[in-house]
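In: Sequence plus the predicted model coming up.
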Amino acid sequence: MADATVGASAEWVDEPTVEQIAERLRSAGHRVEIVGDGAGAVRGITHDSRRVEAGNVFACFRGGHSDGHDHAPDAVESGAGALLVDHVLDGVVDTPQIVVDGTRIAAGPASANDRGDTD
């Protein structure tokens, strides 16, 4: 999968639940914890908080100049349906968090079904 898919607010063909995304990640060998309600459906994934649309998963990437975890409140305000994080974010109570060891590595398998990919 191209990196551009995650950054471009990709939408999935289906609307998986947070738990289904977590199961995709577990199947790919990731350690996953869900904080909050995993039953809600999500609509796509992005790592750019300015591109979050209602129901998107916001993937919190750490970068050289910015840490996506710092932008999680903006993503939640924009309607993020879940957060892909590498640690539990305090103060986020109404948005499920998918906690993994590395968000960049997990973003690929998490977004595997956007555009109809099933592998």
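Out: Now that the structure is in, tell me what you want to look at. Residues are numbered from 1 along each chain as shown.
In: contacts, neighbours, all on C-alpha from now
Out: Will do.
In: hmm, which helix or strand of this protein has the shakiest average pLDDT?
Out: Of all helical and strand segments in the chain, the minimum by mean pLDDT, DSSP states H and E falls on helix 3-7, at a mean of 42.
In: now do the same end-to-end measure for stretch 96-104.
Out: 18 Å (Cα to Cα, to the nearest Å).
In: wait, residue 35 sits on residue 92?
Out: No - at 9.6 Å, residue 35 and residue 92 do not qualify as touching, with contact defined as Cα atoms under 8 Å.
In: Any regions of the protein where pLDDT drops low?
Out: 1-13, 113-119 (pLDDT under 70).
In: Report how many residues lie close to the residue lying closest to residue 68 once chain neighbours are set aside.
Out: For residue 68, ignoring the flanking residues on the chain, the nearest one in space by Cα to Cα, 6 or more residues apart in numbering is residue 60 at 4.1 Å. Other residues near residue 60 come to 26 when the count uses other Cα atoms under 10 Å.
In: tell me the contacts of residue 60?
Out: 47, 67-69, 71-72, 83-86, 103 (Cα atoms under 8 Å, 6 or more residues apart in numbering).
In: Among these, which are located in helices?
Out: 72, 103 (DSSP state H).
In: hmm, which of the contacts of residue 60 are the buried ones?
Out: Among these, those buried by neighbour count (16 or more other Cα atoms under 10 Å) are 47, 68-69, 71-72, 83-86, 103.
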